[in-house]
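**Q** Any chance you can model this:
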Amino acid sequence: MSITISTALSTYACDHGYNSAFDTNGILEFHDGQRPTTADTTATGTNTLASITLPANVFLDPSVAGVMTKAGVWATASAAANGNATWFRFKLTTDSGTTGTTDIRLDGNVGTSGADMTMSTTAITQGSPITVNTFTATVPKS
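**A** Residues are numbered from 1 along each chain as shown. Next up, the predicted model:
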């Protein structure tokens, strides 16, 4: 039998874990290429296409039933490089950028549908603005 958690604990994890972790010095990066096997792994062999400095209170608080919803404006005026975004990484401004287990990170896939983060287009053009209009993530209960 596997461990399961209650909806209240899932919501608590959202509000006191993820939201607290990224709410004052979080960055959202969009990358091309192969997503690392784990979020503990360095992003090698990929390019950082765009980087967004996240606002304070990055997710709505409180979350609802373990679902975090984007809060504030997530945007950058100018993408860093041309490419096709395939994955994203939430990290802190203090992230060492190396493989290890001490950096707080959250990775996910990017696509136009059926991905962890959906975008109207995954094609990113250097110098163009990038805005994330909506984003939700769920802390699983089992």
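**Q** hey, let's count contacts and neighbours off CA atoms from now on
**A** Will do.
**Q** where in the chain is pLDDT low?
**A** By pLDDT under 70, the low-scoring segments of the chain are 1, 142.
**Q** Show the residue spans covered by the strands in it.
**A** 26-31, 48-53, 67-69, 74-76, 83-84, 87-92, 106-111, 117-118, 123-124, 130-132, 136-138 (DSSP state E).
**Q** Next, format these as CSV and append mean neighbour count.
**A** Shown next, in CSV, are those (neighbours: other CA atoms under 10 Å):
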stretch, mean neighbour count
strand 26-31, 23
strand 48-53, 22
strand 67-69, 21
strand 74-76, 19
strand 83-84, 20
strand 87-92, 22
strand 106-111, 18
strand 117-118, 18
strand 123-124, 18
strand 130-132, 15
strand 136-138, 14
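**Q** can you redo those as JSON lines with distance to residue 60?
**A** Output for those, formatted as JSON lines (distance: least, CA to CA, whole Å):
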{"stretch": "strand 26-31", "distance to residue 60": "15"}
{"stretch": "strand 48-53", "distance to residue 60": "17"}
{"stretch": "strand 67-69", "distance to residue 60": "6"}
{"stretch": "strand 74-76", "distance to residue 60": "13"}
{"stretch": "strand 83-84", "distance to residue 60": "29"}
{"stretch": "strand 87-92", "distance to residue 60": "16"}
{"stretch": "strand 106-111", "distance to residue 60": "17"}
{"stretch": "strand 117-118", "distance to residue 60": "17"}
{"stretch": "strand 123-124", "distance to residue 60": "27"}
{"stretch": "strand 130-132", "distance to residue 60": "15"}
{"stretch": "strand 136-138", "distance to residue 60": "10"}
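**Q** Any figure for the gap between residue 66 and residue 57?
**A** Residue 66 sits 16 Å away from residue 57, going by CA to CA, to the nearest Å.
**Q** Comparing the two, which shows the higher neighbour count?
**A** residue 66 (22 against 18; other CA atoms under 10 Å).
**Q** All good on my end, thank you.
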